[in-house]
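S.K.: sequence first, then the predicted structure:
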Amino acid sequence: MPHPESSFQTQTLRPDELLEAAQSLLDDLGDTPSAHGRMQCAYALRDAEGKLSVRYIISQGPNQPWGIWSVDASSGTLPSLANVLPLLGWYEREIKDLYGIIFTDHPEPYPLVLHEGFIPAKPPLQTGFDPKAEPIRGQAEPFAEANMVGDDIQRLPFGPIRADVVESAQFVFHYIGEGILHYHPRLFYKHRAMEARFEGVPISAACVLAERVSGVDSVAHVLAFSQAMEAALGWQAPLRAQAWRVVLAELERLYNHLQFFGHLAKTTTLKVAEAEGIWLEEQVKQINGRLTGSRFLRGMIVPGGLRHDLDATALAADLNALQPQIEDYLDTLANTRSYLDRLLTTGVLPRQVAFDQGATGPIERASDLDRDLRRDHGYALYPELQFAVPTATEGDADARARVRDQEIRQSLHLIRQALNKLEPGPICRTEPTIDPPMEGMGLGWAEAVRGGLIYAVHWDAKTERLTRVKIKEPSFSNWRVFPFTVNDSNMMDYAINEASFGLSVAGADR
């Protein structure tokens with residue numbers, strides 16, 4: 001069984017080599033981008049001497065080592081790659097806001113994380129994170145947004161305080177009548193500096209933090225973090241733990257996707273279907289609670305395995321009883337004409353836009369991009385299991401729902417396979433600790449509910465504390481993509497379109 005790849009290839013580039021390298025990566029894609037490499041994210045890294053660099057993480061293709069570009073940013077300026085690789089646009093803006101590195105010729109040189117153009121005298125994370133520091137002070141500037149001028153054009157800033165129990169975000173609409181001309185989401189109202197909060201945290205305590213980056217993705221986050229640490233330390237979790245990790249990850253996918261269908265039914269005014277979706281979600285959460293003591297499956301996964309063993313017999317019985325109800329619910333929805341009428345052709349995301357702008361998870365797979373980290377960069381016990389990766393070609397709300405429908409069925413199939421592969425043995429590694437290098441980096445990943453999740457972990461072995469953690473969060477990627485499906489659409493379909501993306505504000509904000 002493959003170990004999560006500690007074999008990533010690092011290449012040091014000069015700033016003047018970046019644009020050529022980015023263009024070469026783009027040229028290598030050819031006409032079938034889903035089968036080749038892809039830029040994933042960029043982040044700033046400060047070394048022990050305080051020197052800044054920028055790292056770029058690249059998927060070089062299925063079952064290939066990851067690529068990492070390292071570029072010295074001590075000058076404070078780098079060329080922007082967003083014109084060549086548009087998905088980097090938000091990452092570069094985030095780095096500029098928090099670390100002060102300026103990306104020249106950026107197509108959108110506006111603040112992203114800092115609101116109202118708030119420019120502090122010193123970037124918040126340029127010299128490290130201090131939770132006890134004085135409040136950040138700076139100068140406020142007008143918020144940069146599209147200047148829509150014309151007869152009858154109206155501007156609607158919706159949020160950040162919204163009805164119901166939805167998360168805090170503001171959506172700025174420019175529209176005429178029901179037609180949306182331009183849409184701009186404003187996130188990061190509750191930015192918690194989660195990546196920075198890992199700095200100085202003991203490795204033994206970091207799992208608690210990882211599980212709270214995004215509550216509904218607790219398993220995926222702690223799994224990716226744990227696998228990053230295992231890669232850095234050269235550890236291997238026991239086979240029994242690997243099987244249970246699959247089970248926990250798929251249970252998380254199961255309750256999230258059921259919540260998705262309940263919410264989607266709500267936006268299409270199907271009150272009974274909404275209630276049933278929420279009820280089924282609750283049943284899975286109760287199963288989670290009986291299995292692990294946590295409805296969100298927290299407190300189980302740690303570097304090296306699991307904290308303790310679990311009851312496979314009770315879980316199998318619970319899922320056997322619930323599966324027919326889940327399948328009947330999905331079949332009924334898929335044959336409800338009023339529901340389908342609202343989803344078909346709503347929020348179409350073209351394949352090329354999905355690739356260029358960095359869509360991930362069910363969003364990209366519904367736009368005919370066949371990518372899934374469970375298969376393409378196998379981890380845990382996934383390489384030993386049989387499963388299909390559902391895709392669709394239409395890229396609309398119905399395609400996104402159909403992909404999730406099939407993922408629910410595949411999750412149930414995967415859980416059964418993993419339970420059948422449980423063999424007697426330890427649940428966590430027991431080998432003596434091997435002295436690791438004084439400084440280390442590990443890369444870990446998981447196919448979270450909303451898409452590809454990557455943790456890049458840097459640490460100091462002398463203190464056994466983390467020095468930097470980068471989280472490539474799928475909702476950060478998909479929020480960037482979402483506006484491309486809203487512009488030139490209509491107000492009546494907006495709620496359905498947003499629900500069909502299944503976005504997490506907390507995940508994007510971090």
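M.R.: Now that the structure is in, tell me what you want to look at.
S.K.: and the helices in the stretch 401-510 of the chain?
M.R.: Ranges of helices within the stretch 401-510 of the chain are 474-481, 483-486, 491-501, 505-509, based on DSSP state H, counting those that start in this stretch.
S.K.: which helices and strands sit right next to the first one?
M.R.: When you say that, I think you mean helix 474-481. Applying 3 or more CB pairs under 8 Å, 6 or more residues apart in numbering; DSSP states H and E, one finds that helix 474-481 makes contact with helix 89-99, helix 351-357, strand 451-460, helix 505-509. The way it works is simple: take the backbone N, C-alpha and C, and place the C-beta from them, glycine included.
S.K.: which SS state does the nearest residue to residue 67 once chain neighbours are set aside fall under?
M.R.: Distance criterion CB to CB, 6 or more residues apart in numbering; nearest residue to residue 67, sequence neighbours excluded, is residue 58 at 3.8 Å. Using DSSP: H, G, I helix; E, B strand; the rest coil, the structure places residue 58 in strand.
S.K.: could I get the contacting residues of residue 184?
M.R.: 145, 146, 171, 172, 483 (CB atoms under 8 Å, 6 or more residues apart in numbering).
S.K.: now the first one. Nearest residue, chain neighbours left out?
M.R.: Which is residue 145. Distances taken as CB to CB, 6+ apart place residue 184 nearest to residue 145, at 5.6 Å, with adjacent residues excluded.
S.K.: how much space is there between that neighbour and residue 233?
M.R.: From residue 184 over to residue 233 the distance is 43 Å, taken as CB to CB, to the nearest Å.
S.K.: pop out the phi and psi values for the residue of the chain most remote from its centre.
M.R.: Ranked by distance from the centre of the chain (CA atoms, centre = their mean), the top residue is residue 151, with 39.9 Å. Main-chain torsions, residue 151, degrees, to the nearest 10: phi -60, psi 130.
S.K.: do you know the pLDDT at it?
M.R.: Looking at residue 151, its pLDDT stands at 79.
S.K.: what's the answer for residue 433, then?
M.R.: We note a pLDDT of 56 for residue 433 in this prediction.
S.K.: sketch out the low-pLDDT regions of the chain for me.
M.R.: Applying pLDDT under 70 to the chain picks out residues 1-6, 29-36, 117-119, 127-142, 431-439.
S.K.: tell me the domain boundaries of it?
M.R.: Listed by automatic domain parsing, the domain ranges of the chain are 9-144, 146-190, 194-509.
S.K.: and residue 240, that one's in a strand?
M.R.: No - assessed with three-state DSSP, residue 240 is helix; it does not lie in a strand.
S.K.: who touches residue 292 in this structure?
M.R.: Going by CB under 8 Å, 6+ apart, residue 292 touches 248, 298, 299, 300, 310.
S.K.: check which helix or strand the first one maps to.
M.R.: The reference is to residue 248. According to DSSP states H and E, residue 248 maps onto helix 239-267.
S.K.: for the last one, same thing?
M.R.: In the assignment (DSSP H and E), residue 310 maps to no helix and no strand.
S.K.: is it true that it touches residue 291?
M.R.: Yes - with contacts counted by CB atoms under 8 Å, residue 310 reaches residue 291, the gap being 5.7 Å.
S.K.: deepest of the domains of the chain, which one?
M.R.: Highest mean neighbour count of the domains of the chain: domain 194-509, a mean of 20 (counted as mean count of other CB atoms under 10 Å).
S.K.: start and end of it, how far apart?
M.R.: For domain 194-509, the first and last residues are 9 Å from each other (CA to CA, to the nearest Å).
S.K.: and it, how far out from the chain's middle?
M.R.: Centroid displacement of domain 194-509 relative to its chain, using CA atoms, centre = their mean, to the nearest Å, is 9 Å.
S.K.: likewise stretch 158-172?
M.R.: 21 Å.
S.K.: and the closest residue to residue 484 other than its chain neighbours, how far is that from residue 364?
M.R.: Distances taken as CB to CB, 6+ apart place residue 353 nearest to residue 484, at 5.2 Å, with adjacent residues excluded. Separation of residue 353 from residue 364 (CB to CB): 10 Å.
S.K.: how close does the residue nearest to residue 67 sit to residue 311?
M.R.: The value you get for residue 58 to residue 311, if CB to CB is used, is 41 Å.
S.K.: again with residue 57
M.R.: 38 Å.
S.K.: for residue 344, same thing?
M.R.: From residue 344 to residue 311 the distance is 43 Å (CB to CB).
S.K.: same check on residue 69?
M.R.: Per CB to CB, residue 69 is found 46 Å from residue 311.
S.K.: swap in residue 76?
M.R.: 55 Å.
S.K.: kindly report the same for residue 204.
M.R.: Residue 204 sits 26 Å away from residue 311, going by CB to CB.
S.K.: which residue is the nearest non-sequential neighbour of residue 66?
M.R.: Nearest to residue 66 is residue 8, by CB to CB, 6+ apart, at 4.1 Å.
S.K.: likewise residue 171?
M.R.: Spatial nearest neighbour of residue 171, excluding adjacent residues (CB to CB, 6+ apart): residue 158 at 4.7 Å.
S.K.: hmm, that neighbour is touching residue 170, no?
M.R.: Yes - counting by CB under 8 Å, residue 170 is a contact partner of residue 158 at 6.7 Å.
S.K.: the residue nearest to residue 67 reaches residue 26, doesn't it?
M.R.: No - contact criterion CB under 8 Å: residue 58 and residue 26 do not qualify, at 11.5 Å.
S.K.: isn't residue 120 up against residue 114?
M.R.: Yes - under the criterion of CB under 8 Å, residue 120 makes contact with residue 114 at 7.5 Å.
S.K.: shared neighbours of the two, which are they?
M.R.: With CB under 8 Å, 6+ apart, residue 120 and residue 114 have no common neighbours.
S.K.: rewinding a little: could I get the contacts of residue 292 as JSON lines with distance to residue 368?
M.R.: Below are the contacts of residue 292 laid out as JSON lines (distance: CB to CB, whole Å):
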{"residue": "248", "distance to residue 368": "30"}
{"residue": "298", "distance to residue 368": "35"}
{"residue": "299", "distance to residue 368": "39"}
{"residue": "300", "distance to residue 368": "35"}
{"residue": "310", "distance to residue 368": "37"}
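S.K.: any idea how far the residue lying closest to residue 159 once chain neighbours are set aside is from residue 183?
M.R.: Closest residue to residue 159 apart from its sequence neighbours, by CB to CB, 6+ apart: residue 170 at 3.9 Å. Going from residue 170 to residue 183 by CB to CB gives 11 Å.
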